[in-house]
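# Got a predicted structure plus its sequence, pasted below:
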Amino acid sequence: MKYLTILMVITVFFSCKPQDSNCNTLQKQIDSLKIELAQVYKPGFGFLMTNIQAHHAKLWFAGIHKNWKLAQFEIKEIKEVADEIQEYQKQREETKLMSMIEPALVDLERDIGQKNIQLFKKDYEQLTIACNDCHKLTDFEYNIVKIPETLEFSNQEFKVSD
Ligand code: HEC
């Protein structure tokens, strides 16, 4: 919507005559819109990665408790954040490598569909390796992701009651 407004202002601006006093007003509007646009909140790479980290941990605990619905949900969340990285961090070179986790996510979705805990554990390890492979390639090798040992979200139920 904002882009459309800018486009309209620009269109009117170029169709206005220089001696027209409206030109000045339009220029001012363009300037203030430029400032507004620069101030629009854009989530940072690190912020989005911390979000992925949370879903990566939750995915593990959902999986080992055979909470398949929650595990599927966590995969969806990881994919959504990966999409947000593609959208909001287009300018970062590293973004091109986000697809590195896709094969592991596809395999995990299959395991979840089959409710196969052994395969789930194996492919979760592959996902974690893919996270770290990208960190190595992007010179963030000191950001080491691992299979979580303890569940830091004590305010969420991971076990399914059956
Ligand atoms: C594009 C390749 C890439 C992939 C794939 C990737 N990461 Fe990252 N990750 C990065 C980059 C780049 C950073 C540094 C971001 C920054 O500049 O703040 C990062 C940072 C992080 C951080 C540190 C965030 C912080 O601020 O403390 C964590 C945690 C993290 N990633 C977890 C993961 C997990 C979990 C996965 C896999 C599910 C993953 N990453 C997959 C590139 C990747």
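Arrived safely. Numbering: from 1, shown residues only.

# which residues sit in contact with residue 56?
Contacts for residue 56 were tallied using C-beta atoms under 8 Å, 6 or more residues apart in numbering; they are 78, 127, 128, 131, 145, 148. All C-beta atoms are positioned from the backbone trio N, CA, C, and that covers glycine.

# helix or strand right after the helix or strand containing it?
In this structure, residue 56 sits in helix 45-64 according to DSSP states H and E. Scanning forward in sequence from helix 45-64 by DSSP H and E, the next helix or strand is helix 68-88.

# Could you check the pLDDT of the nearest residue to residue 137 once chain neighbours are set aside?
Nearest non-adjacent residue to residue 137, counting by C-beta to C-beta, 6 or more residues apart in numbering: residue 97, 6.2 Å away. According to the per-residue confidence, residue 97 scores 97 in pLDDT.

# so residue 58 touches residue 157, yeah?
No. Counting by C-beta atoms under 8 Å, residue 58 sits too far from residue 157 to count as a contact (11.3 Å).

# quick one, which of those two is more surrounded?
Neighbour totals were compared for residue 58 and residue 157, and residue 58 leads with 23 against 11 (other C-beta atoms under 10 Å).

# quick one: the closest residue to the more buried one other than its chain neighbours and the ligand, what's the gap?
Taking C-beta to C-beta, 6+ apart, and ignoring the residues beside it in sequence, residue 58 has residue 74 as its nearest neighbour in space, at 4.9 Å. Between residue 74 and the ligand the distance is 10 Å, computed by C-beta to the nearest ligand atom, to the nearest Å.
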